[in-house]
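Enquirer: attaching a predicted model along with its sequence, questions to come.
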Amino acid sequence: MYAIVEISGHQYKVAEKDVIFVDRQQADENKKITLDKVLLTSDGNGKVNVGTPVLEKAKVQAKIVDHTKGDKMIVFKKKRRKGYQVTRGHRRHLTRILIEKITA
């Protein structure tokens, strides 16, 4: 069984026991959260339920594993013949989430 959920504006395909990285969530570590913006569910046998835009009674139970940072991205800007170049780095703040249960 899998579901497509919306978490802070992004859509993720999740199944039970999956670990996904999402944008930083406000809840503490080892805290259970409920994701109620479920857009689609499938039972694995070909039966698919699609919401308009969300499914009313479908929920996904998840647990926050930890908060971390993503890989460093190098941002390099240069204007030729002007003597201008700037190097900056950026790391996204992420939250690792373990999907425990999907109810449709």
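Expert: It's in.

Enquirer: C-alpha only now, for contacts and for neighbours.
Expert: Noted.

Enquirer: in contact with Val19, which residues?
Expert: Counting by Cα atoms under 8 Å, 6 or more residues apart in numbering, Val19 touches Arg96, Ile97, Leu98, Ile99.

Enquirer: number of residues surrounding Ile33?
Expert: By other Cα atoms under 10 Å, the residues close to Ile33 number 15.

Enquirer: could you do the one 3 residues further on as well?
Expert: For Asp36, the tally of surrounding residues (other Cα under 10 Å) stands at 17.

Enquirer: what is the nearest residue to it once chain neighbours are set aside paired to in the beta sheet?
Expert: In this structure, Asp36 finds its nearest non-sequential neighbour in Lys59, 4.9 Å apart by Cα to Cα, 6 or more residues apart in numbering. Under DSSP bridges, the beta-bridge partners of Lys59 are Thr103.

Enquirer: hang on, Lys59 packs against Ala104?
Expert: Yes - Lys59 is in contact with Ala104 according to Cα atoms under 8 Å; the separation is 6.6 Å.

Enquirer: who has more neighbours, the two?
Expert: Higher neighbour count among Lys59 and Ala104: Lys59, with 19 against 16, using other Cα under 10 Å.

Enquirer: top of the contacts of Val19 by neighbour count?
Expert: For these, the largest neighbour count, defined by other Cα under 10 Å, is 24 neighbours, found at Ile97.

Enquirer: so where does it fall, helix or strand?
Expert: For Ile97, the host element (DSSP states H and E) is strand 93-103.

Enquirer: do a quick rundown of the strands in this structure.
Expert: For the chain, the strands defined by DSSP state E occupy 2-7, 10-15, 19-23, 32-35, 38-42, 48-50, 59-69, 73-79, 84-90, 93-103.
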